[in-house]
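Student: Fold the following.
(2 chains)
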Amino acid sequence: MYPQEFLYTKEHEWIRVDEEIGTIGITDYAQKELGDIVYVEVAKPGEHVAANESLGTVESVKAVSEIFSPVSGEVSAVNAKLQNNPEMLNTDPHGGAWLIQVRLSDRSEIEKLMTADEYEAYIQKEK
Amino acid sequence: MRYLPNSDSDRAAMLKATGRSSVEEFFDRIPEEVRLQGRLNLPGPLSEPEILEFFRQAASRSTREYVSLLGAGAYRHYVPAAVNALLSRGEFFTAYTPYQAEIAQGTLQAMFEFQTLMTQLTGMEVGNASLYDGSTATTEAVLMAMRVTRRQRVLLARTLHPEYGEVLRTYVRQQGTEIQQIPHEASGQLDLAGLEAALNAETAAVVVQSPNFFGTLERTAKIAGTVHRSGALLIVTIAEPLSLALVKPPREADIVCGEAQSFGVGVAFGGPYVGFLTAKEKFLRQMPGRLVGQTVDRDGRRGFVLTLATREQHIRREKATSNICTNQSLCALAVTIYLSLMGKNGLRKLAEQNLAKAHYAARQLAAIPGVAMPFGGPHFNEFVVRTPCDAEELLADLQKQKIIGGLNLARFYPELRNHLLVCVTETVSREAIERTVEVFRRAAGLESEAESNGAGAEFAGCRTAGGA
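Tutor: Numbering: from 1, shown residues only, chains lettered A, B, ... in the order given. From the prediction side, this is the model:
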C-alpha cells in the first residue's frame, strides 16, 4: 500500500527524495480521512517552505486542512493538474496527485521521517 | 429570539446546581481591580407608559424636522413603508443564521438575493451575505487582498473615508502591514502619477473610494490598469451605492465593497449599517464571511445552502478567512426588499433625482461670490464647497434655519479649512436648497435675494473674516 521509496510524517504527508529535489504529497490514509477533496492551494515556485510548517491547504467537503512540509527548502514546482482536478488527490494520492516539489536545503531533516513500515505501524495505532 | 427572564429564584436554582454561593464567585478568576464593583450606573426599570414617554421625549429632541445636507458615509434617503412592514415579519426576527442553516430556506434565499443584487450593481461575479459596515467591509477586502497576493503593503487614497482608514489601521496594527496614503489631484481625484510612483512589488492592494469622500467620481478603469501592472489588487469602496444606478460599475476592480445603508436602512443614532463585499470569482475562496449558494435537492427542486463554510471560523478557528466578519442579515434583508421594490428603473430615477438636485444646489452655491467649488471632478449627490466665511459659523446659521449644513472637512483634512462636504439627496426639497443658498448669500455679505428690491436690506455678512 505505502511505497517503500517514500518517507512519511506523523501529519500524513509523504516525500520522495531524488538527489536534491523532494516531491511531496499526502498519504492514502490522509485522503480517506479528509473525504472528497474540492480544492488545493500550495506555496508558489520560488517561495520557501520550512520543515513542520504549513506549505498549503487541502479543502474537502468536511474541512480545510493544513499540509505540513516534511523538509525545508525552495519550492521548485507545483502540480498544476490539481488546480482543476483536486479529486485526483482521492484517486491517486501516491502518484499523479503529488502536491509540490522542493529543493532541499538540509538533507539531514529526512532522517527524522518514518519509513513505509514505520508509517503503517503508526497509522495502525492511530486507528 | 425569546426573552428569557433571570429572576432571583432562577439565579438561586442555578447557583445551587453549580455549587456556588454567589454570581460573583463565577468571576473570581478575573483580578478584583478590573471587576465591576456594585451595579451598573443605569436607571431602574420603567413601566410601559414611562418607557413610551421616555422615547416620545427623546424623539421630540431629535432632528426629524430638520433638512439634512450631511452625507459623508451615511445617506438620508426615503425608506418606503413596505420595507419595515416586511422586515417586521416574525420569520425574520433574528439577525442570525440558524445553526442548522438549511432549515431556514427563506432566510437563505433572502441572503442569496442580497448577494445577487449587490453583484449586479457592482459588476462583480460573487458577493457575500453582508458584513458589519462599510469600514469593516473595506478592511476585510484589504485582508483578503493580502491573502491573495501574499503581500503586506497597502496604498490608501487620501480621499477614502477617513474612518474606514482608521478601522483598517486598528485591525492591522499588530501585523506589520505598511500603509501609505496617495494624495489627490486638483480635481479631487486620485493622483495617478503619485499612485504609479508608490506602487511596488510588495504592494498587495490599492484602495480607492468612488464617489470618493469629497463626492468626486474616480477614474477606476485607468487606475485598475496601473494597479494591475504591479501585480496588486484594486479595491473600490463605495459608500453611496445609489451612484451605481447611474455610474458605470467598476468592473475592472478585483474587489468592490462598501456600505449599503442607502438602500432602505435609515440613518439613526450611528447605526446600524450594512457592509457588502463583492469580488471576481477567482478570489472566491479568500472571501470573508458567509456565502449562500443555490443548488438542487435530490428531487431536483431549487434550494439554498451555506457554502464554503469550511473556511469559516467555527471550523477553521484561527486559520479562518476572517474572525471578525459579523454580517447584518436583517439590514441586508432591508436592502433586498428596498432594491426589489425600487426595481432597475425606480433606482435609476431616484439616482437621477439625486444627481439633478445636488448639481442644482452646487450651481446655485457656486454662483455666490466668495463661495468656491475647489474640486472640478465629476460628482454624484455630494460635493465640497469653500465657505465665504468661517465654516462653523455658517453651520450654526444654517442650523438656526433647521438645516444641518454638511460636514466641516477641517475635522479630517486640516488643509481644507472652511470647506464643507454637502450632500443633497431626494429628501432635500428645492425650497430647502433655496433656503440654504440664502444663508450662504448672507454669509457672503450679500443682501438677501428676496429683500434686494426693498429698502430694508441690511448687511448680514460674516461675524468674522473668513476665507480659506
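
Student: Counting neighbours, what do you get for residue B:221?
Tutor: 13 (other CB atoms under 10 Å in any protein chain shown). C-beta here means a position set from N, CA and C on the backbone, and glycine is covered the same way.

Student: who's in contact with whatever residue of the stretch 1-150 of chain B ends up closest to chain A?
Tutor: Nearest residue of the stretch 1-150 of chain B to chain A: residue B:150, at 7.9 Å (CB to the nearest CB). Shown in contact with residue B:150 (CB atoms under 8 Å, 6 or more residues apart in numbering or on different chains): A:44, A:47.

Student: What pLDDT is listed against it?
Tutor: pLDDT recorded at residue B:150 is 90.

Student: sec struct for the most centrally placed residue in chain A, please.
Tutor: In chain A, the centroid-proximal residue (CA atoms, centre = their mean) is residue A:25; its distance is 2.6 Å. Here residue A:25 is strand, with the state taken from DSSP: H, G, I helix; E, B strand; the rest coil.

Student: Is residue B:416 within a helix or a strand, and which one?
Tutor: Using DSSP states H and E, residue B:416 is not contained in any helix or strand.

Student: Looks like it contacts residue B:391 (just checking).
Tutor: No: in this structure residue B:416 lies outside contact range of residue B:391 using CB atoms under 8 Å: 9.3 Å.

Student: Can you list the buried residues in stretch B:349-365?
Tutor: Under the neighbour-count criterion of 16 or more other CB atoms under 10 Å in any protein chain shown, stretch B:349-365 has B:350, B:351, B:354, B:355, B:357, B:358, B:359, B:361, B:362, B:364, B:365 buried.

Student: go on, stretch B:252-271?
Tutor: B:252-265, B:267.

Student: Next: stretch A:3-18.
Tutor: Buried residues in stretch A:3-18, defined by neighbour count with 16+ other CB under 10 Å: A:6, A:7, A:8, A:9, A:12, A:13, A:14, A:15, A:16, A:17.

Student: Dig out what the residue in chain A that chain B sits nearest to forms beta bridges with.
Tutor: With CB to the nearest CB as the measure, residue A:64 is the residue of chain A nearest to chain B, at 4.8 Å. Taking DSSP bridges as the rule, residue A:64 bridges to residue A:59.

Student: which SS class is residue B:114?
Tutor: With three-state DSSP as the criterion, residue B:114 was assigned helix.

Student: actually residue B:278, sorry about that
Tutor: Strictly by three-state DSSP, residue B:278 counts as strand.

Student: same thing with residue B:208?
Tutor: Here residue B:208 is recorded as strand under three-state DSSP.

Student: can you map out the strands along the stretch 101-250 of chain B?
Tutor: B:126-127, B:153-157, B:178-182, B:203-209, B:233-238 (DSSP state E, counting those that start in this stretch).

Student: Please identify the most buried of the ones you listed.
Tutor: Of all those, strand B:233-238 has the most neighbours on average by mean count of other CB atoms under 10 Å in any protein chain shown, namely a mean of 28.

Student: What's the mean pLDDT across whichever helix or strand comes after that one?
Tutor: Proceeding N to C from strand B:233-238, the next assigned helix or strand is strand B:255-259, under DSSP H and E. Averaged across strand B:255-259, the pLDDT comes to 98.

Student: between strand B:255-259 and strand B:233-238, how many degrees?
Tutor: 30 degrees (axes from the mean of the first three to the mean of the last three CA atoms, to 10 degrees).

Student: Give me the contact list for strand B:255-259.
Tutor: Contacts of strand B:255-259 (CB under 8 Å, 6+ apart): B:73, B:122-124, B:131, B:133-134, B:137-138, B:140-141, B:144-145, B:205, B:209, B:233-241, B:249-250, B:273-280, B:283.

Student: Could you pull out the helices in chain A for me?
Tutor: A:28-34, A:81-84, A:88-91, A:116-126 (DSSP state H).

Student: Reformat the ones you listed into CSV and put mean neighbour count, distance to chain B and mean pLDDT next to each item.
Tutor: Below are the helices of chain A laid out as CSV (neighbours: other CB atoms under 10 Å in any protein chain shown; distance: least, CB to the nearest CB, whole Å; pLDDT from 0 to 100):
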stretch, mean neighbour count, distance to chain B, mean pLDDT
helix A:28-34, 19, 11, 95
helix A:81-84, 14, 11, 92
helix A:88-91, 18, 15, 96
helix A:116-126, 13, 21, 94
